[in-house]
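> Just the structure for this:
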Amino acid sequence: MTFICPAALTDQAPCPYAYAATTSAEQTGDTAGACPLDADGQTVAVGEYVGQAQQVMANLVTTLREAGAELSDVVKSTVYVATSQREDLNAVWDVVHATFAHHDAPRTLLGVSVLGWPDQLVEVEAVAVVAAPTSTH
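Numbers count the residues shown, from 1 in each chain. This is a model prediction of the structure:
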């Protein structure tokens, strides 16, 4: 996986900020949006952006692992936050960025008006490189 950060684009984005990623992988997996739901299907941390972001990222890690990938295999992710306030976006971004650690694959951060579950404030979807499935023949 190679992250692309064109020198001709602004240096105002925190570096290393990947504008694109390339891979020679033969197989990728796309997740649905990870939501802030617990094992019983209840929305956690109602009204709390950071608490919901933490649950979302934990759920994303679980989903990726089930698909044969880790956060370090993510090529691209999209972060949705139900807000019009930049502070809320930044709070969620900080959780997502910290969870990915030093894996700075391209991410898009969006403020949206509403998400699908009652009291949901955060959702994250990802595209990851996954190992080719082993044949059962």
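> Residues touching the helix ranked longest in the chain, excluding its own?
For the chain, the longest helix by residue count, based on DSSP state H, is helix 49-66. Applying Cβ atoms under 8 Å, 6 or more residues apart in numbering, the contact partners of helix 49-66 are 29, 31-32, 34-38, 43-45, 70-71, 73-74, 81, 83, 88, 91-92, 94-96, 99, 120-124, 126, 128. All C-beta spots, glycine's among them, are computed from the backbone N, C-alpha and C.
> What segments of this structure are strands?
2-4, 20-22, 28-30, 74-82, 107-112, 122-129 (DSSP state E).
> related to what we said a few turns ago, buried sites along the longest helix of the chain?
49, 51, 52, 53, 54, 55, 56, 57, 59, 60, 63, 64 (16 or more other Cβ atoms under 10 Å).
> where in the protein is pLDDT low?
The model of the chain has pLDDT under 70 over residues 1, 5-6, 9-17, 19, 132-137.
> let's see 90
Along the chain, segments meeting pLDDT under 90 span 1-31, 66-68, 102, 104, 130-137.
> Would you mind listing the residues in contact with residue 85?
Applying Cβ under 8 Å, 6+ apart, the residues contacting residue 85 are residue 111.
> Tell me how far it lies from residue 46.
17 Å (Cβ to Cβ, to the nearest Å).
> Many thanks, we can stop here.
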